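> Here is a sequence with its predicted model. Questions after.
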Amino acid sequence: IDQKRKNKNILIISHCDPLWLLEGAAKGLSDKELLKIKLAKKDIKTGEWRRLEYKNLPLDREGRVDFHRPYVDGIKFHCSKCGEIMVRVPEVCDVWFDSGCMPFAQVHWPFVSKTSKPALFPADYISEAIDQTRGWFYTLLAVSTLLGQGSPYKNVISQGHVLDEKGEKMSKSRGNVVDPWYIIEKYGVDAVRWYFYTVNQPGDSKLFAEKDIDQTLKKFILILWNCFTFYQTYKKTKNKKQKTKNILDKWVVSRLNELILGVTEKLDKYDVTGAARLIEDFVINDLSLWYIRRSRKRFEEAAGTLALVLQTVSKLTAPFIPFLSDEIYKCLLPGSKQSVHLESWPKADKKLINKKLNQKMAKVREIVTLALAERAKAGIKVRQPLASLRIPEKMDKELSELIKEEVNVKKIISGGILILDTKITPELKEEGIVREVVRQINEMRKEVGLTPKDKISVRYFGTPGLNKILEKNKKNILAEIKAKNFKLGKEPLFAPPSPMLRRASNASEGKEVKIDQQNIWLAIRKI
């Protein structure tokens, strides 16, 4: 029709589907793109007319666009500048040579650009798979050297291949191909990215197993998110930046600035894996397992510092896990819509780095690890207070307090080898029972959807010995569990038996637990 009616307006009238397919074929759309138009209901409607932008595209035998030979051979272009017809020459130079010309050909150097070197030359870094060592990496260097320009790149990040978990190449015939979209949908693209950054060095082969992505999600992504949700759950008001005298705050800020220095130095050297692992170690070991753990009881004081740490960490993680980083950053600054990706890279304040404090805190944590190992050997739970811990060297008062709280001892004694007093007196045993009751009540809070801010009413009923201990320590228990009252007696039950209704009413129906080989019944409700 186009040949017969050259330079004429042609009107094509048909049903919806033929016109939908015709328009898609004329534009060179793929089957997926065609289907997307249909599902979005953007195909032609009854009585509607559209101008068809017809292009003479090279089509294969199935009618799909294919720019390879032989389909591209018949394509001709009219040059608007010289008026001549352009056709594909039959000769093809080596395609690797073609790719190696990229830095020069992309700016048509030296024909358009008369400068001594093309723009953006040399590249700061290039990145491709390891097989490009004798492909693109080599030809870029060869072409540039022949032109007397030297190396066209300053750095190369060469990536290893992704293999299956047995180290074999993935292929459909073997049935060991992993669908990336399935993994991304299940675990999130940030977890996948972090896995590839941290599992090994870029040039090493990746023995891919889904369980490793699952571990990455739990080991790092969820821990970082939990640090953030802890802050969101416990903060009371907008936290202003404040100067703090607490040793934990000073330490975490010192470590944060060390982290900024370390990550920046690694990235400047294009050590992506090293930078990511520094961040991971800080978030897991310093922030989550130490700073937040030790700051729970003084969180109102620590909230401002934690907000600062999370904001800075979200900037450091932005190039690695862009979506989670942006979500955390925006939630920390609810009045601002500024994306973390528009922020400047953080700069370390060296004045805030206290190396002596960092070393002392590392020693504290080492002592804690050894003392907890002694507890484990003796089979004594951490919730059971003990009389004393002897440590090899004298510690500052604040650091000694941290050891006392973490190891759960009444006294720190300096001098000699590390010795944990494992003798449990009746008084210590009683205190351990109280702590276990407090823990059980806090667990019940979570079960019925309450936060530590919510005031509760508690009922309890145990053996005569347990009841006596709890009545004696009632004042301390009320303070620990933030309860309005703590009453002896099983009746009335606080909530209906349905778990869904219990959660909706923020109350438990009560449960029996065993403490020190004795049964006790506990029930809570929000008031």
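Sure, I can see it.

> residue boundaries of the strands in the chain?
Ranges of strands in the chain, per DSSP state E, are 76-78, 85-87, 126-129, 156-159, 162-164, 206-208, 386-391, 409-414, 419-420, 456-462, 483-488, 511-515, 518-526.

> Enumerate the positions of stretch 312-327 that are buried.
Residues of stretch 312-327 classed as buried by neighbour count (16 or more other Cβ atoms under 10 Å): 312-322, 324-327. From N, CA and C alone the C-beta is placed, and that goes for glycine too.

> any idea how far it is from the chain center?
Its chain's C-alpha centre and that of stretch 312-327 lie 8 Å apart, by Cα atoms, centre = their mean, to the nearest Å.

> And for stretch 277-292?
For stretch 277-292 - counting by Cα atoms, centre = their mean - the centre lies 13 Å from the chain centre.

> thinking again about what came up before, turn the strands of the chain into JSON lines, columns for mean neighbour count and distance to residue 346.
Below are the strands of the chain laid out as JSON lines (neighbours: other Cβ atoms under 10 Å; distance: least, Cβ to Cβ, whole Å):
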{"stretch": "strand 76-78", "mean neighbour count": "10", "distance to residue 346": "51"}
{"stretch": "strand 85-87", "mean neighbour count": "10", "distance to residue 346": "52"}
{"stretch": "strand 126-129", "mean neighbour count": "16", "distance to residue 346": "24"}
{"stretch": "strand 156-159", "mean neighbour count": "16", "distance to residue 346": "23"}
{"stretch": "strand 162-164", "mean neighbour count": "16", "distance to residue 346": "32"}
{"stretch": "strand 206-208", "mean neighbour count": "18", "distance to residue 346": "30"}
{"stretch": "strand 386-391", "mean neighbour count": "20", "distance to residue 346": "36"}
{"stretch": "strand 409-414", "mean neighbour count": "16", "distance to residue 346": "37"}
{"stretch": "strand 419-420", "mean neighbour count": "18", "distance to residue 346": "41"}
{"stretch": "strand 456-462", "mean neighbour count": "21", "distance to residue 346": "41"}
{"stretch": "strand 483-488", "mean neighbour count": "14", "distance to residue 346": "42"}
{"stretch": "strand 511-515", "mean neighbour count": "14", "distance to residue 346": "47"}
{"stretch": "strand 518-526", "mean neighbour count": "19", "distance to residue 346": "41"}
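
> Now the weakest link among those, please, by mean pLDDT.
For these, mean pLDDT drops lowest on strand 76-78, to a mean of 84.

> and that one, which strands flank it?
If you go by DSSP bridges, strand 76-78 pairs up with strand 85-87 (antiparallel).

> Residues in contact with the strand it pairs with: which ones?
Here strand 85-87 makes contact (Cβ atoms under 8 Å, 6 or more residues apart in numbering) with 75, 76, 77, 78, 79.

> Quick check: closest non-adjacent residue to residue 100.
Leaving out its chain neighbours, the residue that sits closest to residue 100 by Cβ to Cβ, 6 or more residues apart in numbering is residue 139, at 2.9 Å.

> wait, residue 378
residue 422 (4.5 Å).

> Quick one: neighbours of the one you found, just the number.
14 (other Cβ atoms under 10 Å).

> circling back: next one, pLDDT for the residue nearest to residue 100 please.
At residue 139, the pLDDT recorded in the model is 94.

> show me the residues around it that make contact.
By Cβ under 8 Å, 6+ apart, the contact list for residue 139 reads 96, 97, 99, 100.

> out of those, who's nearest residue 472?
residue 99 (81.1 Å; Cβ to Cβ).

> residues touching the nearest residue to the closest one once chain neighbours are set aside, list them.
Among residues not flanking residue 99 along the chain, residue 136 sits closest, at 5.2 Å (Cβ to Cβ, 6+ apart). Shown in contact with residue 136 (Cβ under 8 Å, 6+ apart): 96, 99, 100, 126, 128.

> hang on, the earlier thing: would you mind giving the contacts of residue 139 as TSV with neighbour count, distance to residue 192 and pLDDT added?
Formatted as TSV, the contacts of residue 139 follow (neighbours: other Cβ atoms under 10 Å; distance: Cβ to Cβ, whole Å; pLDDT from 0 to 100):
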residue	neighbour count	distance to residue 192	pLDDT
96	17	31	86
97	11	35	87
99	15	28	90
100	23	32	92
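
> Out of those residues, which two sit at the greatest distance?
Taking Cβ to Cβ, no two of the contacts of residue 139 sit farther apart than 97 and 99, at 7.5 Å.

> about what we covered before: can you list the contacts of strand 85-87 in a markdown table and add distance to residue 445?
Formatted as a markdown table, the contacts of strand 85-87 follow (distance: Cβ to Cβ, whole Å):
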| residue | distance to residue 445 |
| --- | --- |
| 75 | 71 |
| 76 | 76 |
| 77 | 73 |
| 78 | 76 |
| 79 | 76 |
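
> Check the gap between the nearest residue to residue 144 once chain neighbours are set aside and residue 97 for me.
Closest residue to residue 144 apart from its sequence neighbours, by Cβ to Cβ, 6+ apart: residue 152 at 4.1 Å. Distance from residue 152 to residue 97, counting by Cβ to Cβ, to the nearest Å: 14 Å.
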